[in-house]
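I would like to see how this sequence folds:
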Amino acid sequence: MDTSTLNPRNSQHVRSKSEPSNPHPIISQVDEQLRRLRDSEATSSSLCHRLGALQDLYDCVDKLLGLPNSQQALAQGTDKEVLDDLLEGSLMLLDLCDTAKNGLLQTRECTHELESILRRKRGEICTSSSLQKSRKMIKKTIHKALKGMEGEHFRKVYGSLTIVNLIKEVEATTYDSMASLLSFIAGPKLPSKWSCWSSVSNFVQPRRVACISEETDVSVVERLDLALRSATNHQTNKEFHTQDEDMQNLLRECGACIKEVEEELEGLYRFIIKTRVSLLNIFNN
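Sure, this is the predicted structure:
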C-alpha cells in the first residue's frame with residue numbers, strides 16, 4: 001500500500017494527487033492537538049498544561065500507529081534511513097526527558113533542604129552554600145544539554161511520506177516543549193542587586209505559586225535561586241529568618257509544583273517509549 005493513502009497534515013507537507021480529499025479522523029485529532037500546543041506556546045500556558053497536552057497528542061499518535069493502514073504504509077513505504085531517523089528522534093527525546101527529570105528532582109531536593117534549614121532556625125550557612133553549588137551544577141548540566149540539542153533533526157520533511165512527516169512534527173513539538181522546560185529549570189541569570197533578603201522578600205510575600213509557568217514575572221525556580229543566594233550571602237541568618245514563614249510557605253509550594261511537573265513529565269516519558277516500541281514492532285513484523 002502506498003503511503004499516500006493517509007492524508008497529509010497540512011500545506012507544509014507535499015500532497016500526492018492520489019490522496020483522498022478527507023483526512024482520517026485520527027489524523028484530524030493529531031492536527032487539533034498540535035494546533036492546541038502551538039496556541040499554548042503563544043499564551044501564558046503552564047508547563048504542567050503543556051506536558052499534559054503532549055500526552056494527549058501521543059495518545060492520538062498511538063491510536064494512529066495502531067491502524068492497519070498506518071502500519072502497512074510505514075512497513076512498505078519507509079526505508080532504513082527514515083526508520084533510523086524516527087528511532088533516533090525518539091531516543092533523543094528520551095535523553096532530554098532524563099535530563100529534565102534529574103534537574104527537577106535535584107531542584108525539588110534543594111527546596112526541601114532549604115525549608116529544613118529555615119525550620120531548624122540555625123545558622124547553617126555552609127549548607128545553604130552547598131545547595132547553591134548544587135543549583136549551579138544543575139544549571140551547568142542543563143545548559144550543556146541545551147547547547148548540544150540539534151533541533152534541525154526534528155525539522156526534516158520526507159516528501160509525501162505523510163505518516164512519517166506527522167511523526168516528525170510531533171517530535172519537533174515535543175523538542176520545543178522540552179527546550180522550554182529545560183530553560184525553565186535552569187532559570188535566568190540573577191542580577192547582583194537581588195542578592196539581599198529585602199529584595200527577595202518583595203517577591204515572596206504578595207504572590208502565591210499556583211502552578212509552574214515560565215511566563216510569570218518571577219518564576220518559582222528564580223525565587224528559589226534568590227532565596228539560596230540570600231541565605232548564602234548573609235554572615236548570620238538573623239535577617240534571613242525575619243520572614244521565614246513566608247519563605248517556608250513559598251518553598252513548600254515550590255516543591256509541590258515541581259513534583260507536579262515531574263509527574264506530568266514521567267507520563268510523557270512513558271508515552272514516548274510506547275511510540276518507540278510501536279515503531280519497532282511495525283518495522284520488525
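
what about the strands in the stretch 1-150 of the chain?
When secondary structure is read from DSSP state E, counting those that start in this stretch, the stretch 1-150 of the chain shows no strands.

pLDDT below threshold where in it?
1-23, 41-45, 120-129 (pLDDT under 70).

mind redoing it with 80?
In the predicted model, the stretch 1-150 of the chain carries pLDDT under 80 at residues 1-24, 40-45, 77, 114-134, 148-150.

His24 contacts Leu67, correct?
Yes. His24 is in contact with Leu67 according to C-beta atoms under 8 Å; the separation is 7.5 Å. (Glycine included, C-beta is placed from N, CA and C.)

between the two, tell me which one has more neighbours.
The residue with more neighbours, out of His24 and Leu67 and counting by other C-beta atoms under 10 Å, is His24; that gives 18 against 15.

what distance do you get for the more buried one to Thr141?
42 Å (C-beta to C-beta, to the nearest Å).

what of Lys80?
Using C-beta to C-beta, Lys80 is found at 34 Å from Thr141.

do the same with Thr111
Distance of Thr111 to Thr141, computed by C-beta to C-beta: 18 Å.

between these two, who's got more neighbours?
More crowded of Thr111 and Thr141, by other C-beta under 10 Å: Thr111, with 26 against 17.

how about the contacts made by that one?
Under the criterion of C-beta atoms under 8 Å, 6 or more residues apart in numbering, the neighbours of Thr111 are Leu224, Leu251, Cys254, Gly255, Ile258.

can you get me a residue count around Lys147?
As a measure of burial, Lys147 has 7 neighbours, counting by other C-beta under 10 Å.

same thing with the one 5 residues further on?
Here the neighbour count serves as a burial measure; for Glu152 (other C-beta under 10 Å) it reads 8.

any idea how far it is from Gln248?
When distances are taken as C-beta to C-beta, Glu152 and Gln248 turn out to be 45 Å apart.

likewise for Leu54?
From Leu54 over to Gln248 (counting by C-beta to C-beta), the distance is 33 Å.

more crowded one of those two?
Legend: neighbour count by other C-beta under 10 Å for Leu54 and Gln248, higher for Leu54 (23 against 17).

next up, the contacts around the more buried one.
Leu54 is in contact with Leu37, Thr173, Thr174, Ser177, Leu268, Phe271, counting by C-beta under 8 Å, 6+ apart.

so how far is Ser130 from it?
Leu54 is 35 Å from Ser130, by C-beta to C-beta.
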